[in-house]
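*Asks:* generate a structure from the sequence data that follows.
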Amino acid sequence: MTMIRLRLQLPASLQRPGSVRATLFVGIVSAICGCSPAQVRAPTAMDKPIVVATSVDEGPRLYLEIMNGLGESNPARQADIFYEVEREYAKAPTTTNTLRYAGALVTAGHSAARPAEGKKLLETLLASPERMSASERTLAAVLLHETNERLKLAAENRRLLETLDDRSRTQANSEKRVQAQVEENARLRRELASAQQKLDAIKEIERTIIERSPTPSSSRNPTPSETQSPSAGS
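*Replies:* Model prediction:
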C-alpha cells in the first residue's frame, strides 16, 4: 500500500502541538482520504501556506491610474495621458477602452474633461451590462452616478448665477431709475426756483409802478363850478 503524506495549512488555533482540535482535524482528513491518522501529518510552524494566484480584473486599477495621472498638476502630463487614452479608444473602441475613455472624460481637473460626453458613453456601456465584468459594471455605475451629481450641481450653479445676474441687473436698473428720479426732482426744483424768481421780479415791478403813479385826487379833472371865477357868482 502506497503511503500518502499530506501537508495542510491550518489556522493558528490548530497548529499547537498536541492540540485536541488538531487531532480531530487530522482524524477527519484521514477519514475523507481513506488513510490512517499516521499517514496524515499535522502541520507545524515551519510549514508555509500555499499561495494560489488568482485572476484580478485590471479595469478599476487602470482607471485609478488614469484618474491619478489626470489629477496631477502638470498640464503637459495630463495632456499626454488623455491623448493616449483617447488614441486607444479611437483605434479600438472595446468595452475596456471605452470605459477608460469615459472615465478620463468625466474626471475633473484637466482641460480636456467633458463630463456630458463621458456621461453618454457610460450610459451606452451600462445599456449592455453583459459585455462588462462585475467590477466594470460597478465602476461604470459609480462614475455615472458621480457625473450626474456633478452635472446637477453645475446646472444649479449656473441657475444661481443667472438669478444673481438678473437681480444685479434689476438692482442696477432700479438704481438708475432712482438716480433719474433724483435728477428729475432736482431739475424741477431748479425750474421752480427760477419761476419763483421771475414771479418775484414781476411783483417788484408792479409795486414800483404803483408807487410811481399819481394819487387819485391830483389826477381828477376839475368840475365847471370849480372853474368859474368868484365875480361871476356875485
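
*Asks:* and the protein, what are its domain boundaries?
*Replies:* If you go by automatic domain parsing, the domain ranges for the chain are 6-41, 59-152.

*Asks:* I'd like the average pLDDT over the longest one.
*Replies:* Domain 59-152 carries an average pLDDT of 90.

*Asks:* mind listing the strands for the protein?
*Replies:* 6-7, 40-41 (DSSP state E).

*Asks:* in terms of mean pLDDT, which of the ones you listed ranks lowest?
*Replies:* strand 6-7 (a mean of 46).

*Asks:* could you tell me how many residues sit around Lys119?
*Replies:* When counting by other C-beta atoms under 10 Å, one arrives at 19 neighbours for Lys119. Heads up, the C-betas are built off the backbone N, CA and C, glycines and all.

*Asks:* so it sits right up against Arg150, yeah?
*Replies:* No - Lys119 lies out of contact with Arg150 (C-beta atoms under 8 Å); the separation is 9.3 Å.

*Asks:* identify the contacts common to those two.
*Replies:* Residues touching both Lys119 and Arg150 by C-beta atoms under 8 Å, 6 or more residues apart in numbering: Val106.

*Asks:* near the nearest residue to Ala104 once chain neighbours are set aside, how many other residues are there?
*Replies:* With sequence-adjacent residues excluded and distances taken as C-beta to C-beta, 6 or more residues apart in numbering, Ala104 is closest to Val85, at 4.7 Å. Look at Val85: counted by other C-beta under 10 Å, it has 23 neighbours.

*Asks:* ok, Arg77 next?
*Replies:* Arg77 has 13 nearby residues by other C-beta under 10 Å.

*Asks:* do the one 5 residues further on as well
*Replies:* Per other C-beta under 10 Å, the neighbour tally for Phe82 reads 21.

*Asks:* quick one: residues contacting it.
*Replies:* Applying C-beta under 8 Å, 6+ apart to Phe82 gives the contacts 70, 104, 110, 112.

*Asks:* from those residues, keep the buried residues only.
*Replies:* Among these, the ones that count as buried by 16 or more other C-beta atoms under 10 Å are 70, 104, 110.

*Asks:* looking at the contacts of Phe82, which are in helices?
*Replies:* In this view, the contacts of Phe82 that belong to helices under DSSP state H are 70, 104.

*Asks:* wait, which of the contacts of Phe82 is closest to Val182?
*Replies:* Looking at the contacts of Phe82 and their distance to Val182, the nearest is His110, at 51.8 Å (C-beta to C-beta).

*Asks:* which of the residues in stretch 98-108 are buried?
*Replies:* Neighbour-count burial for stretch 98-108 flags 98-107 (criterion: 16+ other C-beta under 10 Å).

*Asks:* closest to Glu206 out of the domains of the chain?
*Replies:* Proximity to Glu206 (C-beta to C-beta) singles out domain 59-152 among those, at 79.6 Å.

*Asks:* ok so, going back, which of the buried ones among the contacts of Phe82 sits closest to Arg190?
*Replies:* His110 (62.6 Å).
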